[in-house]
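In: With the input below, show me the fold.
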Amino acid sequence: MSGTTPRTGTDATTADVVCLGESMVTFLPSRPGRLADVPSFARGIGGAESNVACALAAAGHRSAWVSRVGADGFGDHLVEAIGAYGVDTSAVRRDPHRPTGIYFRTATDRATDVHEVAYYRAGSAASAMSPSTVPADGLPAGRILHLSGITAALSADCLALLHELTAPRQGRPLISFDVNFRPGLWRGESPAVLLDLARRADVVFVGEDEAESAWGVTGAAAIREALPEPGVVVVKRGADGVTVFSHEPGLRPGPRTGGPEATPPVREGAGRGEAPHSGPDTVTHVPALRVDVVAPVGAGDAFAAGFLSATLRGLPVRDRARHGHLMAAAVLTVPGDLTEPPARDRADHLAALDDDAWGRLRLGPGWTGDDTEVRTT
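Out: Okay, here's the model as predicted:
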């Protein structure tokens with residue numbers, strides 16, 4: 001990773017972002033086609049929360065990943081590979097009785113009918129996360145705690161852990177929650193619990209399609225009505241970009257002398273168990289970029305990482321969303337879930353473009369390189 005020198009996460013006691021959730025060893029197909037027809041697979045790493053941690057570390061932030069993995073070779077690989085991005089993995093625990101989860105997937109977009117994913121995660125080490133095995137007071141100190149709805153679907157114990165971590169308490173970090181609704185993980189169970197968890201968060205990422213499938217809620221405005229408490233709700237609208245609803249009376253930028261180690265926004269009266277706000281929202285729509293897609297995977301996690309990175313830096317809402325789009329575009333133009341982000345000054349320059357110039361950007365493979373010209377149309 002040469003865009004920004006990653007930090008090891010061991011040079012300070014407080015992480016910028018702590019990410020908690022299962023990561024699995026991913027087997028990526030050597031060519032398109034049904035799983036039954038793919039002759040070989042390449043090994044990678046996959047996990048929504050660890051993807052965010054890796055992207056933030058690659059962007060120069062201190063990040064930590066919290067999870068459980070098996071005492072096996074796949075667990076070794078996950079800890080080593082994620083740690084190589086500069087992520088602090090010291091809070092990852094090894095389970096001698098349960099295996100590390102793995103999965104195989106096809107090369108197609110998961111939103112299409114032909115996409116296949118074969119999970120081997122039932123009874124995994126991460127599914128044994130609970131309030132007793134991962135106590136809240138034992139987590140690494142962090143300014144932001146990033147969670148996702150995938151963890152809630154793994155087991156009753158994992159759901160109980162998320163309820164504990166999102167409960168109002170003194171000194172609770174800012175909670176970032178990506179709904180990440182995966183229908184295949186909720187067979188026979190109601191995903192309505194994801195709405196409750198999202199309402200207890202401070203920053204929420206949710207797709208319009210997810211909200212409709214999981215909660216029967218249609219449209220950005222209706223999603224905001226269903227989530228009145230969080231200070232920031234990012235509604236992802238696919239090719240139409242994102243709509244961000246925000247009310248942050250206590251928003252302030254962190255110190256600039258520390259670069260990415262800025263204090264995150266401090267807000268009052270939202271997402272931490274208090275009553276919903278009574279003032280009007282600021283509604284910000286940020287169009288998506290035009291991207292020559294190589295592989296349509298990992299973009300949601302990358303968007304969250306870019307948005308949180310800009311949040312840590314105290315940037316305005318529009319620029320947070322643009323940095324999310326840029327980080328997502330970096331991942332969409334490579335085959336895997338993770339890649340080198342654009343250098344910060346390059347991303348800042350693009351995020352600061354006027355609306356017309358932003359709308360004319362077209363990003364393709366290799367665009368993050370310092371010597372690569374960004375196309376416009």
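
In: From the contact counts, what lies against the helix or strand of the chain with the lowest mean pLDDT?
Out: Least confident helix or strand, the chain: strand 375-376 with a mean of 72, by mean pLDDT, DSSP states H and E. Strand 375-376 is packed against strand 361-363, with contacts defined by 3 or more Cβ pairs under 8 Å, 6 or more residues apart in numbering; DSSP states H and E. (Glycine included, C-beta is placed from N, CA and C.)

In: Relative to the strand it packs on, what are the paired strands and their orientations?
Out: The strands that strand 361-363 pairs with in its sheet are strand 290-291 (parallel), strand 375-376 (antiparallel) (by DSSP bridges).

In: Now the ones you listed in CSV, please, with extra columns for distance to Ser246.
Out: Output for the strands paired with strand 361-363, formatted as CSV (distance: least, Cβ to Cβ, whole Å):
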stretch, distance to Ser246
strand 290-291, 25
strand 375-376, 29
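
In: So which of the ones you listed is the most surrounded?
Out: Mean neighbours per residue, mean count of other Cβ atoms under 10 Å, is largest over those for strand 290-291, with a mean of 20.

In: what sits up against that strand?
Out: Outside of strand 290-291, the residues within contact range by Cβ atoms under 8 Å, 6 or more residues apart in numbering are 329, 332-333, 361-364, 377.

In: avg pLDDT for it?
Out: Strand 290-291 comes out with an average pLDDT of 96.

In: what comes into contact with the least confident helix or strand of the chain?
Out: 357, 360-364.

In: Point out where the stretch 1-150 of the chain drops to low pLDDT.
Out: Applying pLDDT under 70 to the stretch 1-150 of the chain picks out residues 1-13, 108-113.

In: residues touching Leu208, list them.
Out: One correction, residue 208 is Glu, not Leu. Residues near Glu208 by Cβ under 8 Å, 6+ apart: 218-220, 223, 235-238.

In: for these, which one is nearest Gly75?
Out: Nearest to Gly75 among the contacts of Glu208, counting by Cβ to Cβ, is Lys236 at 31.7 Å.

In: Would you mind pulling the contact partners of the helix or strand where Cys158 lies?
Out: Here Cys158 is covered by helix 156-166, with elements defined by DSSP states H and E. Helix 156-166 is contacted from outside by 20, 126-131, 133-134, 136, 139, 145, 147, 151-153, 175, 177, 193, 197, 200-201, using Cβ under 8 Å, 6+ apart.

In: about what we covered before: of the contacts of strand 375-376, which count as buried by neighbour count?
Out: The neighbour-count test (16 or more other Cβ atoms under 10 Å) marks 361, 363-364 as buried among the contacts of strand 375-376.

In: quick one: which of those residues is nearest Arg31?
Out: Using Cβ to Cβ, Gly364 comes nearest to Arg31 of these, at 21.5 Å.

In: Could you check how far the closest one is from Ala55?
Out: In this view, Gly364 and Ala55 are 20 Å apart by Cβ to Cβ, to the nearest Å.

In: With Leu353 instead?
Out: From Leu353 across to Ala55, the span is 22 Å (Cβ to Cβ).

In: Equivalent analysis for Phe181, please.
Out: As judged by Cβ to Cβ, Phe181 and Ala55 stand 21 Å apart.

In: got it, and Val203?
Out: Distance, Val203 to Ala55, using Cβ to Cβ: 16 Å.

In: For these two, indicate the residue with more neighbours.
Out: More crowded of Val203 and Ala55, by other Cβ atoms under 10 Å: Ala55, with 33 against 28.

In: That one reaches Phe303, doesn't it?
Out: No - judged on Cβ atoms under 8 Å, Ala55 makes no contact with Phe303 at a distance of 9.6 Å.

In: quick one: common contacting residues for the two?
Out: Common neighbours of Ala55 and Phe303 are listed as Met327 (criterion: Cβ under 8 Å, 6+ apart).

In: max-length helix in the chain?
Out: helix 317-332 (DSSP state H).

In: Quick one: list the elements packing against it.
Out: Other elements packing on helix 317-332 under the criterion 3+ Cβ pairs under 8 Å, 6+ apart are strand 232-236, strand 242-246, strand 282-286, helix 299-312, helix 344-351.

In: who wins for proximity to Arg121 among the ones you listed?
Out: helix 299-312 (17.4 Å).

In: how big is the angle separating that closest one from strand 242-246?
Out: Angle, helix 299-312 to strand 242-246, by axes from the mean of the first three to the mean of the last three Cα atoms, to 10 degrees: 40 degrees.

In: mind saving the C-alpha coords of helix 299-312 as PDB?
Out: C-alpha atoms of helix 299-312 as PDB (Å, rounded to 0.1, in the frame of the first residue of the first chain):
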ATOM      1  CA  ALA A 299     -18.100  -1.000  -2.800                       C
ATOM      2  CA  GLY A 300     -20.400  -0.600   0.200                       C
ATOM      3  CA  ASP A 301     -17.600  -1.300   2.700                       C
ATOM      4  CA  ALA A 302     -15.300   1.000   0.800                       C
ATOM      5  CA  PHE A 303     -17.900   3.800   0.800                       C
ATOM      6  CA  ALA A 304     -18.400   3.500   4.600                       C
ATOM      7  CA  ALA A 305     -14.600   3.700   5.000                       C
ATOM      8  CA  GLY A 306     -14.300   6.800   2.900                       C
ATOM      9  CA  PHE A 307     -17.200   8.500   4.600                       C
ATOM     10  CA  LEU A 308     -15.900   7.700   8.100                       C
ATOM     11  CA  SER A 309     -12.400   8.800   7.100                       C
ATOM     12  CA  ALA A 310     -13.800  12.200   6.100                       C
ATOM     13  CA  THR A 311     -15.900  12.300   9.200                       C
ATOM     14  CA  LEU A 312     -12.800  11.900  11.400                       C
END
